[in-house]
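> pasting a predicted model and its sequence here:
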Amino acid sequence: MRALVKYGLNDGDVELRDVPAPELQPGTVLVRARAVGVCGSDIHMWRNGQSWDVALPVTLGHETAGVIAAVADDVTGWAVGDRVVCETAASICGVCALCRTGRYNLCPHREGYGATRDGAFGELLRAEPRVLHRIPDAVTFEQAAMTEPFAVAYNALVERASVTPGDLVVIQGAGAIGALSLLMARLRGAGTTVVLGTPVDEHRLAKLRELGADYTLDITQEDPATLIASLGDGFGADLVVDATGVSVALKQGLELVRPFGSIAKVGWGPQPLGFSLDPLVAKAVTLYGSFSHTWTTWERVLSLFATGALDTSAVLGGVYELADWEAAFEHMESGRNIKSVMVMPD
């Protein structure tokens, strides 16, 4: 089958290849991917800027919506033709304390699609039934392919650092997770929202203003601290969401957050910290690491899609064929799209 494969550890070491199709194994199903979202992590892996383990060669893609194509004899409750989305934890141990307490997203033996297990930028994906969720009838494959990034934002702003109605929320980063964090903050009743970006985000910041951001700033042109000090009681943001890919964003977050406020760190940053964390102590700030998601997160997001409470079309910039993967990636990297989705061949 044709698949988009990361094959090396150099910038650009990604290409379409013919690879063996996954085989059905006991306790699994095969999912024929119909739509797969492009994640910022896919861009990082294309540019070899990832800060996580990668098994090479590996088929990319982990934001998967499709149709079950085959079901092992020992699998019940699922049938060929079922419309499904797949969680990203392709493999977990199932027996450690984290798995047993429902935090399997943090399992030390976890293998993720598109990084340490072959992902969905191809024709077929092998999956265990525990990662499957049914797509509501009113939700398209292209919409469903955005469940995973919305689940990331849901985890960060609902399950980890909760937003209280009326809060001042500052979001660092105008990419997909930053945009979805904005939508989630507004859904949770944030009083004022501020999104910070850089020159590459000019188009995305304009789109986020349309989506309800009260303020958007290019941090290379304006000092966000001045704006934040002018809002509310002047003490700073109740919540800062770090949706960037650079470690130094935490330094800015510590400057912008109010005493006894919170920071939700979602973005990965491979760079070592070169600044003091004393403000974290001095302000008694709560720092939440937010990684991945669990079954409940996905079910909640899908229900919000089905009711229309979350509108995926607001951030979907383009739909591309697999053969046009470079355009899908580049249009996200350049800031033209907040989100790209690739549709797979039938």
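Structure's in. What do you need? What you see is a predicted model, and the numbers here were worked out from it, not measured in a lab.
> can you tell me how far Thr296 is from Tyr104?
Distance from Thr296 to Tyr104, counting by C-beta to C-beta, to the nearest Å: 12 Å. Any C-beta I mention is one placed from the backbone N, CA and C, and that applies to glycine too.
> go on, Gly77?
Counting by C-beta to C-beta, the separation of Gly77 from Tyr104 is 19 Å.
> of these two, who's got more company?
Just comparing Gly77 and Tyr104: by other C-beta atoms under 10 Å the higher neighbour count belongs to Tyr104, 22 against 8.
> so who does the more buried one touch?
Shown in contact with Tyr104 (C-beta atoms under 8 Å, 6 or more residues apart in numbering): 89, 92, 94, 98, 110, 294.
> try it again with 6 Å
89, 92 (C-beta atoms under 6 Å, 6 or more residues apart in numbering).
> for it, grab phi and psi.
With angles defined as degrees, to the nearest 10, Tyr104 sits at phi -70, psi -20.
> export the helix or strand hosting Leu180 to PDB, keeping only CA atoms.
In this assignment (DSSP states H and E), Leu180 forms part of helix 176-187. The C-alpha trace of helix 176-187 is given here as PDB (Å, rounded to 0.1, in the frame of the first residue of the first chain):
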ATOM      1  CA  ALA A 176      -3.900  24.200  15.600                       C
ATOM      2  CA  ILE A 177      -3.700  23.600  19.400                       C
ATOM      3  CA  GLY A 178      -3.700  27.300  20.200                       C
ATOM      4  CA  ALA A 179      -6.800  27.800  18.000                       C
ATOM      5  CA  LEU A 180      -8.600  24.900  19.500                       C
ATOM      6  CA  SER A 181      -7.700  26.100  23.000                       C
ATOM      7  CA  LEU A 182      -9.300  29.400  22.200                       C
ATOM      8  CA  LEU A 183     -12.500  27.700  21.100                       C
ATOM      9  CA  MET A 184     -12.400  25.500  24.300                       C
ATOM     10  CA  ALA A 185     -11.700  28.600  26.500                       C
ATOM     11  CA  ARG A 186     -14.700  30.400  25.000                       C
ATOM     12  CA  LEU A 187     -16.900  27.300  25.400                       C
END
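> state the mean pLDDT of it.
In this model, helix 176-187 carries a mean pLDDT of 97.
> list the helices and strands that helix packs on?
If contacts are counted by 3 or more C-beta pairs under 6 Å, 6 or more residues apart in numbering; DSSP states H and E, helix 176-187 sits against helix 147-154, strand 168-172, strand 192-197.
> mind running it again at 7 Å?
helix 147-154, strand 168-172, strand 192-197, helix 202-210 (3 or more C-beta pairs under 7 Å, 6 or more residues apart in numbering; DSSP states H and E).
> just the angle between the first one and strand 168-172, please?
When you say that, I think you mean helix 147-154. 130 degrees (axes from the mean of the first three to the mean of the last three C-alpha atoms, to 10 degrees).
> do the same with the longest one
On the basis of the same axes, to 10 degrees, helix 202-210 is oriented at 160 degrees to strand 168-172.
> report the distance from helix 202-210 to the chain centre.
Chain-centre distance of helix 202-210: 19 Å, with C-alpha atoms, centre = their mean, to the nearest Å.
> kindly report the same for stretch 148-165.
Centroid displacement of stretch 148-165 relative to its chain, using C-alpha atoms, centre = their mean, is 11 Å.
> and it, end to end?
Counting by C-alpha to C-alpha, to the nearest Å, you get 25 Å between the two ends of stretch 148-165.
> show me where pLDDT drops low in this structure?
For the chain, no stretch has pLDDT under 70.
> which residue is nearest the centroid of it?
By C-alpha atoms, centre = their mean, the mean C-alpha position of the chain lies nearest to Pro149, the distance being 3.2 Å.
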